[in-house]
Every structure is written in structure tokens, then in C-alpha cells.
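Sequence and predicted structure below; questions after.
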Amino acid sequence: MARYIGPTTKIARRFGEPIFGTDKDFEKRNFPPGQHGLARKRKKSSEYGMQLREKQKVKYTYGVLERQFRNTYEKASRMKGQKGENLLFLLESRLDNLVYRLGIAPTRAAARQLVSHCHITKNGVICNVPSAQVKPGDVIAVRERSKSLEVIQNSVASAHKYSWLEFDSKTLTGKYLNVPVREEIPETINEQLIVELYSK
């Protein structure tokens, strides 16, 4: 199972926002990485550079590597509607992302680990595939013997609520109500740049 295991704060500093979640090191050094940081004169990015940067940001945000991201984009391009929005909807519908959105895990990386370690069920069946697509109406829950895990309890206590998700903190069961509207997705992503990049 491929995943990014390199330094996260360095990547977050490159994009200028905490794309991996709350990060104390990022808050201390909220400037570009490198020997000279802010003092270094940075060339203005080309159009291609901006498009590539946006694609890389989305990849790191959702924890997807290049081949899987490309396959997701191709799937989105075959769907009806706008390609960029379809891409975001497919990424939002991943099981690991929904476990994170429901508040079961504090970060997407932690959500991926919970899924791959068989702590999560989808429609009552254990699912250990983080990239599994969840459809509206599907029920996501924490496995009975995993409900007492400290990381899950702490995360649920400080969870955000989203209009397209329903979650019962007592039974640790959530439901994917519907595909979110583009405006409801909180990440600052310009998906049109990604479409332009892959259209070349």
C-alpha cells in the first residue's frame, strides 16, 4: 500500500498552509522552507508551475500518490458535470477521508491507519481499503472492540460537523448522507488549475 511517509511540516511550509492538519511546528515557522526562508528572492511562478503546485497540494492533502491521483482524475473526467468538481467529490468519498471528516481520526493519515488496521466497518462489514469509494447512504462505524481506543475517543471529542454527514458519538456510527456541494468543502483548492494541467 503506497503512501507518503516523508516530512510533513516541510511540505506544509512549501504551500503556506497546514494541509496535513494542526501542526505546532508549522505555526512556529510559517514561512517557506530552505536556508534563507523569506529572505530568498523567489521567481514568479509560471502558469505551468501554478498548475503543478495546485495538483501537488491536493495530492498531499488527501494522501494520494501520482498514479492513483491520475486514475481518479480520469474517472472524474468520464463522469457528467465539471471535471474539477467531480475530482474533489471522488476524493471526498474515499473511506479514509470520511473517517477523518466524521471525527473518528484526528488526521487523514491517522484515518488511513485505522482503516488499514481493520478498526472501521462499512455497512457492517470490516473494510481495510483506505481508498474504497463510499456511496451516499452507506454507514461507516467503528468496530465494536475498537471503540475504546484512546485516539478515537480524543478525536471524537473535538470533531467538526459537516452538513453532508451524520454522526452518533455514542455508538460511533456515521452516515454519508449525500455528495457535498463544492462550496461546502473547506479546503482552499483551485481545481480548475488541475483540469488545465491534465488538459495539456
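Good, I have the coordinates. Numbers count the residues shown, from 1 in each chain.

can we go C-alpha only for contacts and neighbour counts from here?
Noted.

ranges for the strands of this structure?
Secondary structure of the chain by DSSP state E: the strands cover 120-122, 125-126, 139-142, 165-168, 173-176.

now the shortest one, how far from the centre of its chain.
So that's strand 125-126. Centroid displacement of strand 125-126 relative to its chain, using Cα atoms, centre = their mean, to the nearest Å, is 22 Å.

hang on, the earlier thing: could you dump the strands of the chain into a markdown table with mean neighbour count and mean pLDDT added?
Converted to a markdown table, those look like this (neighbours: other Cα atoms under 10 Å; pLDDT from 0 to 100):
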| stretch | mean neighbour count | mean pLDDT |
| --- | --- | --- |
| strand 120-122 | 23 | 95 |
| strand 125-126 | 16 | 94 |
| strand 139-142 | 24 | 95 |
| strand 165-168 | 16 | 92 |
| strand 173-176 | 21 | 94 |
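
max-length helix in this protein?
Looking across the chain with DSSP state H, the single longest helix is helix 47-62.

who does that helix touch, helix- and strand-wise?
In terms of contacts (3 or more Cα pairs under 8 Å, 6 or more residues apart in numbering; DSSP states H and E), helix 47-62 is packed against helix 191-198.

ok and the helix it packs on relative to helix 47-62, angle-wise?
Computed by axes from the mean of the first three to the mean of the last three Cα atoms, to 10 degrees, the angle separating helix 191-198 from helix 47-62 equals 120 degrees.

any idea how far helix 191-198 is from the chain center?
Chain-centre distance of helix 191-198: 18 Å, with Cα atoms, centre = their mean.

Only the buried residues of that helix, if you could.
Buried residues in helix 191-198, counted by 16 or more other Cα atoms under 10 Å: 191, 193, 194, 195, 197.

For residue 141, state which of those is nearest.
Nearest to residue 141 among these is residue 191, at 30.4 Å by Cα to Cα.

average model confidence for stretch 89-107?
Mean pLDDT, stretch 89-107: 93.

Ends of that stretch, what's the gap?
Distance between the two ends of stretch 89-107: 19 Å, counting by Cα to Cα, to the nearest Å.

Then stretch 74-94?
By Cα to Cα, one end of stretch 74-94 lies 16 Å from the other end.

Mean pLDDT per helix and strand in this protein: which one sits at the bottom?
helix 24-28 (a mean of 61; mean pLDDT, DSSP states H and E).

Sketch out the helices for the chain, chain order is fine.
Going by DSSP H, the chain shows helices at 8-15, 24-28, 47-62, 66-77, 83-92, 95-101, 108-116, 150-157, 191-198.

of those helices, which approaches residue 182 most closely?
The nearest among these, by Cα to Cα, is helix 83-92 at 6.6 Å.
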